[in-house]
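1. sequence-free structure coming up:
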């Protein structure tokens, strides 16, 4: 069979019920001769580029005479500015004999289920769809997917860069709406939204029960303790966090921990007093050199902190609820050996969560990097602080409720606790008149450990991408589900 005739047959099989001049099927899988009498050549990327936009370029000279004749007869050249966006055909929705390629403006109407199945088969074996004379109509079409709006709700006024950067990232997608509402309005409007970024709001079962269209509750970061996960699961709503390792959030928090350590060691508050009093050469501070730092909770933040502390020539000890097999010397996989070697280079002594009191008495500085849950709430209590060395420093860049307020205040007053550096507090926003601020050896920052340009831009991208995935009906990725 002549190649030209064969392609006509393939085209007719694929789109039997469709007006054939509208669409053509072309093969652009790899360089080969069709095993027939024809002389058409097929070459990858010669005719269709499998990227965000599809275009016809660089037909092979001479060898593609029949091919070129067929293509130019049935097709039109399309540059990226007006080409159809068939983005990897990742999601296909079949509804009442209509095939919609989501995130494109291509609608193939009146296709039978057999036609749809055959089309997908052609895609799998390397055939692609090429528009012919259909572009003008397609550009004027507005599909049901284009009309539908996916709405993202940010709760409360705090951490404003989260919604601002997300809006910026999604500014070219008119079908995604981003709103921030006050805490007291969330209950009234949550039913209209599909994604909710809780930030520092508590979403209890009552609020969640009103979220009739909600698909995802998530945190702009890692802590999801403010979400009633059981209630969300009961309502069929997924709950997720943004992994800190990939966005730079963990790195930002680790840097803040070092900032607080150095501020306490060098007596930052007293330095400000000296500046105001025009004094030079005082106070006398301390150095990190030679200190023992206890990282309590060796997760993403703990790992990044250990990496950054090593050049200070400190001794690093750490505890973790369960060290994975890759953290032990008897691992048999090569990549796990690499991870094991890296951790061994960073940590001088590893222990379990049950050994926190033992490790606390060895440390000059304790850095709390634990997740907040029913087991860890208030874990830094009188017993724990009493087990610390007299004059040791306590730093918390995780969650405020990990610390028992009364225990901390008591040991600061007694002088047993040498200093307190916290980026998170027992209640937020922190009361600027809180009695704990009377101590010169207390440093507090307004929950900004993870708030950096890099980390917030990265997390805004994650939220934006998840919204696009949800809008298109794609599986959600880039986040970590907890239910």
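-> All right, it came through fine. Remember, predicted model here, so these are calculated numbers, not experimental data.
2. who touches the top helix by length along the chain?
-> In the chain, assigned by DSSP state H, the helix with the most residues is helix 453-472. Contacts of helix 453-472 from elsewhere in the structure, counted by C-beta atoms under 8 Å, 6 or more residues apart in numbering, are 90-91, 102-103, 145, 148, 150, 152, 161-162, 165-166, 168-170, 173, 175-176, 194-195, 197, 215-216, 218, 220-221, 242, 246-249, 251-252, 450, 475-479. Every C-beta, even on glycine, is put in place using the N, C-alpha and C of the backbone.
3. again with stretch 244-256
-> With C-beta under 8 Å, 6+ apart as the criterion, stretch 244-256 contacts 221-222, 242, 299-301, 303-305, 307-308, 369, 397, 423, 445, 448-452, 454-455, 458-459, 462.
4. just the buried members of those?
-> Applying a neighbour-count criterion of 16 or more other C-beta atoms under 10 Å, the buried members of the contacts of stretch 244-256 are 221-222, 242, 299-301, 303-305, 369, 397, 423, 445, 449-452, 455, 458-459, 462.
5. I'd assumed residue 229 was in contact with residue 208.
-> No - using C-beta atoms under 8 Å, residue 208 makes no contact with residue 229, being 9.6 Å away.
6. comparing the two, which residue is more hemmed in?
-> When neighbours are counted by other C-beta atoms under 10 Å, residue 208 and residue 229 differ, and residue 208 comes out ahead with 23 against 17.
7. is it fair to say that one lies in a strand?
-> No - under DSSP: H, G, I helix; E, B strand; the rest coil, residue 208 sits outside any strand and is assigned helix.
8. low pLDDT regions in the stretch 1-150 of the chain?
-> Low-confidence segments of the stretch 1-150 of the chain, defined by pLDDT under 70, span residues 1-147.
9. switch to 90 and redo it
-> Applying pLDDT under 90 to the stretch 1-150 of the chain flags residues 1-148.
10. can you tell me the helix or strand for residue 261?
-> helix 249-265 (DSSP states H and E).
11. buried residues in that helix?
-> Buried, per 16+ other C-beta under 10 Å, within helix 249-265: 249-265.
12. so who does residue 284 touch?
-> Residues near residue 284 by C-beta under 8 Å, 6+ apart: residue 267.
13. doesn't it belong to a helix?
-> No - secondary structure assignment (three-state DSSP) places residue 284 in coil, not in a helix.
14. from here on, count from 19
-> Right, with 19 as the first residue, what we last looked at is residue 302.
15. so the closest residue to residue 408 other than its chain neighbours: helix, strand or coil?
-> What sits nearest to residue 408 in space, not counting adjacent residues and going by C-beta to C-beta, 6 or more residues apart in numbering, is residue 434, at 5.4 Å. Under three-state DSSP, the three-state class of residue 434 is coil.
16. what about residue 434, how many neighbours?
-> If you count neighbours by other C-beta under 10 Å, residue 434 ends up with 15.
17. so which helix or strand takes in the residue nearest to residue 236 when sequence neighbours are not counted?
-> Leaving aside its chain neighbours, residue 236 sits nearest to residue 258 (4.6 Å; criterion: C-beta to C-beta, 6+ apart). Taking DSSP H and E as the definition, residue 258 sits inside strand 256-259.
18. quick one: list the elements packing against that strand.
-> When contacts are defined as 3 or more C-beta pairs under 8 Å, 6 or more residues apart in numbering; DSSP states H and E, strand 256-259 sits against strand 234-236, helix 247-252, strand 498-499.
19. out of the ones you listed, nearest to residue 383?
-> Closest of those to residue 383 is strand 498-499, at 29.5 Å (criterion: C-beta to C-beta).
20. need the residues that contact that closest one.
-> Outside of strand 498-499, the residues that reach it under the criterion C-beta under 8 Å, 6+ apart are 256-261.
21. continuing past the helix holding residue 279, what's the next helix or strand?
-> Along the chain past helix 267-283, the next helix or strand (assigned with DSSP H and E) turns out to be helix 286-294.
22. what is the burial count for the closest residue to residue 233 other than its chain neighbours?
-> Nearest residue to residue 233, sequence neighbours excluded (C-beta to C-beta, 6+ apart): residue 212, at 5.0 Å. When counting by other C-beta under 10 Å, one arrives at 20 neighbours for residue 212.
23. residue 212 touches residue 169, doesn't it?
-> Yes - with contact defined as C-beta under 8 Å, residue 212 reaches residue 169; the gap is 5.5 Å.
24. any idea how far residue 212 is from residue 488?
-> The span separating residue 488 from residue 212 equals 6 Å under the rule C-beta to C-beta, to the nearest Å.
25. and what of residue 490?
-> Using C-beta to C-beta, residue 490 is found at 13 Å from residue 212.
26. next up, the contacts around the residue nearest to residue 289 when sequence neighbours are not counted.
-> Distances taken as C-beta to C-beta, 6+ apart put residue 301 closest to residue 289, at 6.6 Å, once the chain neighbours are dropped. Contact partners of residue 301, counting by C-beta under 8 Å, 6+ apart, are 285, 288-289, 292.
27. weed out the non-buried ones from the residues you listed.
-> 285, 288.
28. residue 331: which of the contacts of residue 301 is nearest?
-> Closest approach to residue 331 among the contacts of residue 301 (C-beta to C-beta): residue 285, at 21.0 Å.
29. check what pLDDT that closest one gets.
-> We have a pLDDT of 97 for residue 285.
30. surely it is in contact with residue 458?
-> Yes - between residue 285 and residue 458 there is a contact under C-beta under 8 Å: 7.5 Å.
31. just the endpoints, please. Distance across stretch 380-396?
-> Taking C-alpha to C-alpha, to the nearest Å, the first and last residues of stretch 380-396 lie 21 Å apart.
32. hmm, who's touching it?
-> Applying C-beta under 8 Å, 6+ apart, the set of residues contacting stretch 380-396 from outside is 240-241, 243, 271, 275, 279, 309-317, 319-320, 323, 335, 378, 397-398, 406-407, 410-417, 419-422.
33. residue ranges of the strands in the stretch 369-501 of the chain, please?
-> Listed in chain order, the strands of the stretch 369-501 of the chain (DSSP state E, counting those that start in this stretch) span 383-386, 411-414, 437-440, 460-462, 498-499.
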